[in-house]
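Colleague: this one's sequence-less:
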């Protein structure tokens, strides 16, 4: 197997209503079964998933949490508004957002955006990925996979990495159960987070800060599918998530 990754240069600053698929098709010679990896920030901007700070009125709960964290109460209120579950409030605000993704601050960001605004994650990243993939097929005639990414920290390790928050034409998990290892033993629990691995690889080229490149093409990784897929395939069921249970106990003991 040989896999290649290359960045798409020359994208302008993205604004609401921009056609990302057209911009990508104009700047890349895509091939069938390429994986188009796109930073969630530009998808959110194109979809208008931005909130003006002056439109957010912090509740007393948000004010209290913000005081403990040393954060802006407006940011905290927006995080609460966009969350289905607050897992812990201190020393960081770890939540499950309305789409099921677990991250600090619900993925809401104030970098690379006007100081009067906050940028959310796309509200339905799977739908975003599907829309871009279908639009690329219409414009370029290419059948591609799409991964929408965000950068997340990791428990037990320093540093951030790219992760998938939305997918199209690619199952986010590859199940190796039933396969044999080198010694003929059957694998029982091995499930590979392929969408996250590709997101992490793409993040090496995307970079961070002002010089970031928000779109990377992955070629040669053959895991394309016509199935209906969702990033939620990789979310661990609540009743099996021992880490979340432990964090809830921590939250309750500190209340």
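Modeller: It's in. Since this is a predicted model, take the numbers as computed values, not measurements.
Colleague: What separation is there between residue 206 and residue 55?
Modeller: 30 Å (C-beta to C-beta, to the nearest Å). Placement of C-beta: from N, CA and C, glycine included.
Colleague: Need the three-state assignment for residue 152.
Modeller: When classified by DSSP: H, G, I helix; E, B strand; the rest coil, residue 152 comes out as strand.
Colleague: Without its sequence neighbours, what residue ends up closest to it?
Modeller: residue 163 (4.8 Å; C-beta to C-beta, 6 or more residues apart in numbering).
Colleague: Assign the one you found to helix, strand or coil.
Modeller: strand.
Colleague: domain parsing for this structure?
Modeller: 4-49+121-235, 50-120 (automatic domain parsing).
Colleague: how far out from the middle of the chain is the shortest one?
Modeller: On the basis of C-alpha atoms, centre = their mean, to the nearest Å, domain 50-120 sits 17 Å off its chain's mean C-alpha point.
Colleague: elements contacting the helix or strand that contains residue 95?
Modeller: Per DSSP states H and E: residue 95 is located in strand 94-97. Under the contact criterion of 3 or more C-beta pairs under 8 Å, 6 or more residues apart in numbering; DSSP states H and E, strand 94-97 touches strand 83-88, strand 102-104.
Colleague: returning to that earlier point: can you check which of the domains of the chain gets nearest to residue 242?
Modeller: domain 4-49+121-235 (11.9 Å; C-beta to C-beta).
Colleague: tell me the mean pLDDT for that closest one?
Modeller: Here domain 4-49+121-235 scores 92 as its mean pLDDT.
Colleague: Over to it now: how far is its first residue from its last?
Modeller: 28 Å (C-alpha to C-alpha, to the nearest Å).
Colleague: follow-up on the earlier one: burial measure for the residue nearest to residue 152, as a count.
Modeller: Residues near residue 163, counting by other C-beta atoms under 10 Å, number 25.
Colleague: Check residue 242 too.
Modeller: Residue 242: 9 neighbours (other C-beta under 10 Å).
Colleague: ok, it - contacts?
Modeller: By C-beta atoms under 8 Å, 6 or more residues apart in numbering, no residues touch residue 242.
Colleague: for the stretch 51-200 of the chain, what spans make up the helices?
Modeller: Remark: helices assigned in the stretch 51-200 of the chain by DSSP state H, counting those that start in this stretch are 60-69, 73-81, 125-140, 194-206.
Colleague: Nearest to residue 43 among these would be which one?
Modeller: Set against residue 43 and scored by C-beta to C-beta, the helices of the stretch 51-200 of the chain come closest in helix 125-140, at 5.0 Å.
Colleague: List the buried residues in that closest one.
Modeller: Neighbour-count burial for helix 125-140, with 16 or more other C-beta atoms under 10 Å as criterion, is recorded at 125-133, 135-137, 140.
Colleague: so residue 205 sits right up against residue 5, yeah?
Modeller: Yes: using C-beta atoms under 8 Å as the test, residue 205 is close enough to residue 5 to be in contact (5.9 Å).
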